[in-house]
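Trainee: Coordinates for the following, if possible.
(one chain, ligands or ions: 1)
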Amino acid sequence: MSGDGFETLAIHAGQDPDPVTGAVVPPIYQVSTYKQDGVGGARGGGTGPGRWIEGYEYSRTANPTRGALEECLAALEGGARGFAFASGMAAEDCLLRAVCRPSDHVLISHDVYGGTYRLLDKVLRDWGVSHLPTAMSDPATVRRALRDKPARVIWVETPTNPLLSVADIAALAEIAREAGALLVVDNTFASPYLQQPLALGADVVVHSTTKYLGGHSDVVGGALVVADAGLGEQIAYLQNATGAVGGPFDAWLTLRGIRTLGVRMDRHCANAQRVADVLAVHPKVAEVFYPGLASHPGHEVAAKQMRGFGGVVSFRCAAGADEAVALCGRTRLFTLGESLGGVESLIEHPGWMTHASVAGSALEVPADLVRLSVGIETCEDLLEDLRSALGQR
Ligand SMILES: Cc1ncc(COP(=O)(O)O)c(C=O)c1O
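Mentor: Numbers count the residues shown, from 1 in each chain. Next comes the predicted model:
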């Protein structure tokens, strides 16, 4: 399948018709255990979904539906191996515990997702892993931070949640290689359709599959894809040892979402660009954050490394924080809610909602910030909804 295009891989990788029944999509193997071929010998595997799976004995270790998803994820990101977890945070925790030891240091984007910051600041710190928020959009700052204190991991989100800042993955990969650090890219906002970090030199890709990969706001999940099979072995060991795997139905839903990822992302990008263009000239909006705007400081890097600029647009309300909160309650189609990446549009106030965990830290977001997850509804309807909520028709 390696020569096939993205949309072909999304529909076929790991998803051969079921060998027993011919079912054209992978069945939900809702099963915890398997009849074994003999004592100490697992059942099947090897040729089924999840090509690296040696056999089935217990579904925490391997499950055919999860295996199909893992194989598809690896193909879409161009990696040696993929892993599916119960959530994005479970994937992050597994990766950091696989590669870090007490006294290791992690550089993180200075506006990294609040949950990632909380994991490092409130959980892994007690296990002796330190971290430093760093401006990843400036490679010189990253080099300086590494000179001051060598890091085991450089953890980059691009574009970031919720401020949409952009980092040059290829430049950071070179810096990581020179420094002997692992470059991890959280590719949740872009999805593999828009951006493929491993091809740009990253070592590991992280996803909250809850977002664009699942795409329908009906399943929570996470993923890791690694470039190196050896690191894949370490992660496979820890995934089984710590057990935060996604269930078969969750894997099946995520895989169903992935089959339409390309066409959904095209529409998310087109709608978001129009929303950003309208907000950029709106008198009640002080500042718009969207990498598709030529005025965005990361626009050129984003244009170089992404196929499109994504579906999330953030903006600051000119009238301040109270108006930002009030606005979130005035939209009709943009539903007030956390998360993003589903087909339906969402609106939220990051300071009080998704990013409340970074309040008072170096990562605190502006109180007048509103984040939109622009869905794939009719764009004119979305624009009308925003104009009316902002109070100017
Ligand atoms: C960029 C990013 N990474 C990771 C996560 C965590 O994923 P999950 O909520 O699936 O645990 C999120 C969740 O919003 C996210 O936005």
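Trainee: From here on, just use CA atoms for contacts and neighbour counts.
Mentor: Will do.
Trainee: Would you mind listing what in this protein touches the ligand?
Mentor: Counting by CA under 6 Å from any ligand atom, the residues of the chain close to the ligand are 87-89, 113, 161, 188, 208, 210, 220-222, 339.
Trainee: Which of the residues you listed are buried, as a ChimeraX select command?
Mentor: Buried residues among these (16 or more other CA atoms under 10 Å), as a ChimeraX selection:
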select :87,88,89,113,161,188,208,210,220,221,222
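Trainee: Report all helices and strands that the helix or strand encompassing Arg97 contacts.
Mentor: Secondary-structure element containing Arg97, defined by DSSP states H and E: helix 88-99. Contacting helix 88-99 under the criterion 3 or more CA pairs under 8 Å, 6 or more residues apart in numbering; DSSP states H and E are the following elements: helix 114-118, strand 204-208, strand 222-226, helix 229-242.
Trainee: Which pLDDT value does the model give the residue in the stretch 51-200 of the chain that the ligand sits nearest to?
Mentor: Among residues of the stretch 51-200 of the chain, the one nearest the ligand by CA to the nearest ligand atom turns out to be Gly88. It sits 3.4 Å away. What the model reports as pLDDT for Gly88 is 98.
Trainee: Extract the C-alpha trace of the helix or strand hosting Ala176 and format it as PDB.
Mentor: Secondary structure assigned from DSSP H and E places Ala176 in helix 169-179. Provided in PDB are the C-alpha atoms of helix 169-179 (Å, rounded to 0.1, in the frame of the first residue of the first chain):
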ATOM      1  CA  ILE A 169       9.100  21.000  12.400                       C
ATOM      2  CA  ALA A 170      12.100  20.400  10.000                       C
ATOM      3  CA  ALA A 171      14.200  23.100  11.800                       C
ATOM      4  CA  LEU A 172      13.400  21.600  15.200                       C
ATOM      5  CA  ALA A 173      14.100  18.100  14.000                       C
ATOM      6  CA  GLU A 174      17.600  19.200  13.100                       C
ATOM      7  CA  ILE A 175      18.100  20.800  16.500                       C
ATOM      8  CA  ALA A 176      16.800  17.700  18.200                       C
ATOM      9  CA  ARG A 177      19.100  15.500  16.200                       C
ATOM     10  CA  GLU A 178      22.200  17.600  17.100                       C
ATOM     11  CA  ALA A 179      21.200  17.600  20.800                       C
END
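Trainee: In the lowest-mean-pLDDT helix or strand in the chain, which residues have enough neighbours to count as buried?
Mentor: Ranked by mean pLDDT, DSSP states H and E, the helix or strand of the chain with the weakest confidence is helix 114-118, at a mean of 92. Neighbour counts over helix 114-118 (16+ other CA under 10 Å) mark 114-117 as buried.
Trainee: Stretch 260-274 too?
Mentor: 260-262, 264-274.
Trainee: can you check stretch 285-295 too?
Mentor: Along stretch 285-295, these residues count as buried under the neighbour rule (16+ other CA under 10 Å): 285-293.
Trainee: Let's have those in a markdown table, adding secondary structure.
Mentor: Supplementary listing: the buried residues of stretch 285-295 in a markdown table, determined by DSSP: H, G, I helix; E, B strand; the rest coil:
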| residue | secondary structure |
| --- | --- |
| Val285 | strand |
| Ala286 | strand |
| Glu287 | strand |
| Val288 | strand |
| Phe289 | strand |
| Tyr290 | coil |
| Pro291 | coil |
| Gly292 | coil |
| Leu293 | coil |
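Trainee: Export those as a markdown table, with columns for distance to Val245.
Mentor: Conversion of those to a markdown table gives the following (distance: CA to CA, whole Å):
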| residue | distance to Val245 |
| --- | --- |
| Val285 | 42 |
| Ala286 | 43 |
| Glu287 | 40 |
| Val288 | 37 |
| Phe289 | 34 |
| Tyr290 | 33 |
| Pro291 | 33 |
| Gly292 | 35 |
| Leu293 | 38 |
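Trainee: pLDDT for these - can I get that in CSV?
Mentor: Supplementary listing: the buried residues of stretch 285-295 in CSV, determined by pLDDT from 0 to 100:
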residue, pLDDT
Val285, 98
Ala286, 98
Glu287, 98
Val288, 98
Phe289, 98
Tyr290, 98
Pro291, 98
Gly292, 98
Leu293, 98
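Trainee: which regions of the stretch 51-200 of the chain lie under the pLDDT threshold?
Mentor: Across the stretch 51-200 of the chain, residues meeting the criterion (pLDDT under 70) sit at 51-52.
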